[in-house]
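[1] how would this look folded up:
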Amino acid sequence: PWPVRIYALGRFAIVKDSKPMRFTEKAKHMPLKLLKVIIALGGRDIGAEVVIDTLWPDADGDTGLRSLNTTLHRLRKLLGNDLAITLEDNRLTIDVRHVWVDVFAFQRLLGKIENTLKKPDLPVGQTGAKDDNLNHLMERVVAMYQGPFLRDISEQWALSFRERFKNRCLYI
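    Down below sits the predicted model:
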């Protein structure tokens, strides 16, 4: 049901209206980088100043905010949806009603697995809904995982998220 699907596990790809988008123009570099940073920072309720410091560390307040607004406008245009990413009260959020992101779906699955593991076990020798549900969730996680978060990016913001993400996966 999502018009835009973003893949950041293993490779970076955007699928819009069921068609993979191709990016050959250098002009799309900063909007795509902005999208990657927003995803790496959690995709929700991210302070504009954090994004500005990440992408434009040498810009002063007004210049940084103008750069963010211009790049966000270009990103929304690229995605074809002004509602895809909101900026309200200087906080950025990917609107999951309009955009599906594999990383976020993967994290939701991990949460479901964690909750299932916390449920009491059945007596020895019995299997039940818990085991079936856990097996189903694990199959979905394995199918969804395509590799490390943005594996081709070596910038600190990507490496930090990649490490936290990996640790959460290993915890389960």
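[2] Name the residue closest to the centre of this structure, please.
    residue 39 (3.8 Å; C-alpha atoms, centre = their mean).
[3] what secondary structure does residue 114 sit in?
    helix (DSSP: H, G, I helix; E, B strand; the rest coil).
[4] The protein: helices as residue ranges?
    29-40, 48-55, 61-79, 102-118, 129-144, 156-171 (DSSP state H).
[5] contacting residues for the residue nearest to the centre of the chain?
    Residue 39 makes contact with 6, 8, 94, 101, 103, 104, 161, according to C-beta atoms under 8 Å, 6 or more residues apart in numbering. Any C-beta I mention is one placed from the backbone N, CA and C, and that applies to glycine too.
[6] Just the buried residues out of these, in ChimeraX syntax.
    Buried subset of those, written as a ChimeraX selection, criterion 16 or more other C-beta atoms under 10 Å:
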select :6,8,94,101,103,104,161
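[7] And the contacts of residue 39, which is closest to residue 83?
    Closest approach between the contacts of residue 39 and residue 83, by C-beta to C-beta: residue 94, at 10.4 Å.
[8] close enough to count as contact, the closest one and residue 87?
    No - using C-beta atoms under 8 Å, residue 94 is not in contact with residue 87, being 11.2 Å away.
[9] picking up where we left off before, go through the helices of the chain and pick out the most buried.
    Burial of these is given as mean neighbour count (mean count of other C-beta atoms under 10 Å); helix 29-40 ranks first at a mean of 20.
[10] Next, the angle helix 156-171 makes with that helix.
    Calculated by axes from the mean of the first three to the mean of the last three C-alpha atoms, to 10 degrees, helix 29-40 forms an angle of 30 degrees with helix 156-171.
[11] Surely residue 76 is in contact with residue 84?
    Yes - using C-beta under 8 Å, residue 76 is in contact with residue 84, at 6.0 Å.
[12] what sits against the closest residue to residue 30 other than its chain neighbours?
    Spatial nearest neighbour of residue 30, excluding adjacent residues (C-beta to C-beta, 6 or more residues apart in numbering): residue 71 at 5.0 Å. Residue 71 sits next to 30, 31, 34, 55 when contact means C-beta under 8 Å, 6+ apart.
[13] Among those residues, which one sits closest to residue 21?
    Once C-beta to C-beta is applied, the member of those that ends up nearest residue 21 is residue 31, at 11.6 Å.
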